[in-house]
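**Student:** model this:
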Amino acid sequence: MGVVLMANNKKILFVSSEASPFAKTGGLGDVAGALPYALKKLGVDVRIVIPRYKCIPKEYTKDSKLKEEYTVYLDWRKQSASIYEYDNGLPVYFVENDYYFGREGLYGYHDDHERFAFFCKAVLEMLPKIDFIPDIIHCNDWQTGPICILLNEIYKRNDTYKSISSLFTIHNIQYQGIFGRETLSMLGLSDWYFNSERMEYYGNISYMKAGLIYADAISTVSNTYAKEIKTYEYGYGLEGILQKRSSNLYGIINGIDYKLYNPETDKNIYFPYSKENIKLKENNKRALQKELNLPQRDVPVIGIVSRLVDQKGFNLIAEQINELMKEDIQLIVLGTGQEGYENLFIYMEKTFPDKVRAKILFNLNLAQKVYAGSDLFLMPSLFEPCGLGQLMSLRYGTIPIVRNTGGLADTIQAFDEERGVGNGFVFNDYNSWAMMQEIKRAIHIYYQKISWEKLIQNAMDSDYSWEDSAQKYINLYETIGHL
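**Tutor:** Predicted structure coming up:
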């Protein structure tokens, strides 16, 4: 499929509300910053477009060139769009409008419906002006959902847009972009679309629903999550649509950038190492303990690098504080999120100062040190579309303890001590007792040095680089071209 695609020289426009290294709040930014480059390496003519946020580092914006300026109409409103191009081997387009994007953050504003309606319209209006008519627009999450409906219902009336297809990727179905009915007129859509078969969602409208109904195909970020979101438990009210569109729903696991996340070359960690000299990983552990003022002891260090939110399963830890702290371990937590969970880990540090460190902040440098310096990496998620933390921890030979859900189920295989296969520890039921039993098993294996060294080798032999996933996207693009 990939060879055919390259021969046809198909063009892909990758539309996202964030992309690393320009602007990022989570996994979507990582994907949008890595997948297009992996596609390009395989011969795809791919380009990225994101808003030009205030937070984008000047090293990128100062080297970008103004391509076009034009007006975007949102009902009675009109706003200017300026398109800047930054090219470091792959063209990245920034949509500039300071009224909407000249703010400190990316999301969470009262007018997000208007901001991303503007962005979606600006992207579609941009195409003939920059002389790039893609074969497929690859949309990502709710912020880009309106592109799918606008393309099909309005823009395809114009011959320029008739041959463009769309792919909509769900990164997390919990976040849907739900807004009031009046948003329809801003998009240039009539009340006819305020219907359960179109954009209406429990008395409001949903930007994600627009993507799910009107995209030519839908993908999500793991095979298991593609199955889970068709159920009531995981579908967040959209499971019926996904069941109807099941034949056009695909699961493709995310990857990570193996050049960026490489213990041999990572400048953020204390000591470089590889699976050939894994004993140097121990030096990272000691250095991490020292930096965080933890006793430098040979005990299992459990790391958590995460948003501290309900989805991540931290209520299970809250239920097992005393049982967990009976174990001879150290726990290092890095992240921010809901106040209750931030306070939980702060309380644990104050109560167990020789066992727990809670760093309630986002720090990429320290995150890398936690990946490299921990022995185990805990992800007890309620649900996990893909998860990148477990992929990064595998790369650094840090063994994941995960719940069997979503992308965690697709990437972590339970370690079988007798056969020496598997790359982590897995529990099935979402309850704190099941989690605790698996933590205890991990601690037991830690002291079985032959088994533990084999487990580390298995983890570091796991390959979740982007190349395989990018090829699967190429195959999907080719499938969409024949729908």
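
**Student:** when you work out contacts or count neighbours from here on, use the C-alpha atoms and nothing else.
**Tutor:** Noted.

**Student:** domain parsing for this protein?
**Tutor:** What the record gives for the chain is the domain set 2-255+467-481, 275-464, from automatic domain parsing.

**Student:** which of those domains sits closest to residue 262?
**Tutor:** Residue 262 sits nearest to domain 275-464 of all the domains of the chain, at 7.0 Å, using CA to CA.

**Student:** and that closest one, how far apart are its ends?
**Tutor:** Using CA to CA, to the nearest Å, the end-to-end distance of domain 275-464 comes to 16 Å.

**Student:** how far off centre is it?
**Tutor:** How far domain 275-464 lies from its chain's middle: 19 Å, per CA atoms, centre = their mean, to the nearest Å.

**Student:** any idea which helix or strand carries residue 344?
**Tutor:** Residue 344 belongs to helix 339-351 when assigned by DSSP states H and E.

**Student:** same for that helix, what does it pack against?
**Tutor:** Helix 339-351 sits against strand 356-359, with contacts defined as 3 or more CA pairs under 8 Å, 6 or more residues apart in numbering; DSSP states H and E.

**Student:** tell me which residues of the helix or strand just after the strand it packs on are tucked away?
**Tutor:** Beyond strand 356-359 in the direction of the C-terminus, DSSP H and E gives the next helix or strand as helix 364-373. Of the residues in helix 364-373, 366, 367, 368, 369, 370, 371, 372, 373 count as buried by neighbour count, 16 or more other CA atoms under 10 Å.

**Student:** for the record, mean pLDDT for the longest helix along the chain?
**Tutor:** Taking DSSP state H as the criterion, the chain has its longest helix at helix 112-129. For helix 112-129, the mean per-residue pLDDT is 97.

**Student:** quick one: low-confidence parts of the chain?
**Tutor:** Where the chain drops to pLDDT under 70, the residues are 1-8, 482-483.

**Student:** same thing but at 50, please
**Tutor:** Applying pLDDT under 50 to the chain flags the ranges 1-7.

**Student:** which residue of it sits farthest from its center?
**Tutor:** residue 76 (35.3 Å; CA atoms, centre = their mean).

**Student:** what's the burial count for residue 161?
**Tutor:** Using other CA atoms under 10 Å, the number of residues around residue 161 comes to 19.

**Student:** chain neighbours aside, what residue packs nearest to it?
**Tutor:** residue 155 (6.1 Å; CA to CA, 6 or more residues apart in numbering).

**Student:** which residue is the nearest non-sequential neighbour of residue 283?
**Tutor:** residue 271 is the one closest to residue 283 (CA to CA, 6+ apart), at 6.9 Å.

**Student:** so how far is residue 373 from the one you found?
**Tutor:** Distance of residue 271 to residue 373, computed by CA to CA: 10 Å.

**Student:** same check, this time on residue 316
**Tutor:** 24 Å.

**Student:** over to residue 427?
**Tutor:** Counting by CA to CA, the gap from residue 427 to residue 373 is 24 Å.

**Student:** just to check, residue 459 is in contact with residue 423?
**Tutor:** Yes: contact between residue 459 and residue 423 holds when scored by CA atoms under 8 Å: they sit 4.8 Å apart.

**Student:** shared neighbours of the two, anything?
**Tutor:** Listed as contacting both residue 459 and residue 423 by CA atoms under 8 Å, 6 or more residues apart in numbering are 394, 399.

**Student:** about what we covered before: ok, the residue nearest to residue 161 - contacts?
**Tutor:** 124, 161, 162.

**Student:** and residue 14, by the same measure?
**Tutor:** Contact partners of residue 14, counting by CA under 8 Å, 6+ apart, are 32, 36, 46, 47, 48, 49, 137, 138, 139.

**Student:** what angle separates whichever strand or helix holds it from helix 112-129?
**Tutor:** Per DSSP H and E: residue 14 is located in strand 11-15. Here strand 11-15 runs at an angle of 160 degrees relative to helix 112-129 (axes from the mean of the first three to the mean of the last three CA atoms, to 10 degrees).

**Student:** and the contacts of the very next helix or strand once past strand 11-15?
**Tutor:** Of the helices and strands lying after strand 11-15 in sequence (DSSP H and E), the nearest is helix 27-41. By CA under 8 Å, 6+ apart, the residues outside helix 27-41 that reach it are 14, 16, 18-21, 23-24, 46-48, 90, 140, 171, 254-257, 387-388, 466-467, 470-471, 474.

**Student:** list the buried residues for the helix holding residue 344?
**Tutor:** Buried, per 16+ other CA under 10 Å, within helix 339-351: 341, 342, 344, 345, 346, 348, 349.
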